[in-house]
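**Student:** When you get a sec, could you give me coordinates for this:
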Amino acid sequence: MTTGGKKARERAARKAAIEAKKRKRRNLIIGALAVVVIGVVAFAVTRPEAAELAATETFPDLGAGDHLQPGDPVPVYNSSPATSGPHNPSAAACGIYTEELPDVTLVHNLEHGTVVVHYQPDLPADELATIEEFARSKPSHILVAPRAGLSDPVVLASWTRLLPISNGDLATLEVFYDRWARIGPEVGVQCPFAIDQSVG
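**Tutor:** Okay, the predicted model is just below:
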């Protein structure tokens with residue numbers, strides 16, 4: 001065996017050992033990342049809801065992305081206010097309204113992850129003021145509007161979910177918004193706070 005051949009085999013052996021070490025390190029990193037991802041997903045799926053959300057009702061998803069054409073009949077929704085299903089091609093601007101908006105428009109907002117705060121038109125002024133101040137404190141994905149015929153003074157809506165509350169319960173409103181704002185079939189669509197009919 002020549003000295004040159006022995007050195008070549010030693011170099012090859014060192015190179016193979018280095019490559020094996022790199023593969024082992026890479027596999028450990030991939031395994032650790034997989035554990036982290038699985039943990040995050042498991043937490044998101046199994047995390048307990050806050051006590052404030054215990055009365056939230058979830059409805060079957062009637063679908064998203066189906067835009068109504070002029071002359072189409074108003075859909076039959078499975079909740080009132082509506083929380084999913086066919087809707088107008090355009091969503092409303094986010095913000096505060098003093099006039100009622102139709103379900104066919106608001107469902108499009110919910111699809112974009114907007115939280116809609118429905119309130120009875122005769123809600124006491126101080127409670128409405130609390131809700132409006134809360135809405136103004138959020139940069140996006142919140143819409144406040146009156147709705148005749150509500151079974152409760154205030155009803156919070158997100159995609160497929162309704163939560164009735166008895167008044168301007170700020171703690172529950174905060175928790176609901178934090179949990180469900182920006183969550184819907186079309187995540188990432190912007191809806192900045194852009195209108196405030198209660199001012200002026």
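**Student:** make it CA atoms for all contacts and neighbour counts henceforth
**Tutor:** Fine.
**Student:** show me where pLDDT drops low in the chain?
**Tutor:** The chain contains residues with pLDDT under 70 at 1-4, 34, 36-37, 39-49, 200.
**Student:** any idea which helix is longest in this structure?
**Tutor:** Criterion DSSP state H: the longest helix present in the chain is helix 3-46.
**Student:** and the next element down the chain from that helix?
**Tutor:** strand 57-58 (DSSP states H and E).
**Student:** gap between the residue lying closest to residue 112 once chain neighbours are set aside and residue 25?
**Tutor:** Counting by C-alpha to C-alpha, 6 or more residues apart in numbering, residue 112 lies nearest to residue 186, which is 5.0 Å off, once chain neighbours are set aside. Using C-alpha to C-alpha, to the nearest Å, residue 186 is found at 38 Å from residue 25.
**Student:** between these two, who's got more neighbours?
**Tutor:** residue 186 (16 against 12; other C-alpha atoms under 10 Å).
**Student:** show me the contacts for the more buried one.
**Tutor:** By C-alpha atoms under 8 Å, 6 or more residues apart in numbering, the contact set of residue 186 is 111, 112, 113.
**Student:** doesn't the residue nearest to residue 112 fall inside a helix?
**Tutor:** No. Assessed with DSSP: H, G, I helix; E, B strand; the rest coil, residue 186 is coil; it does not lie in a helix.
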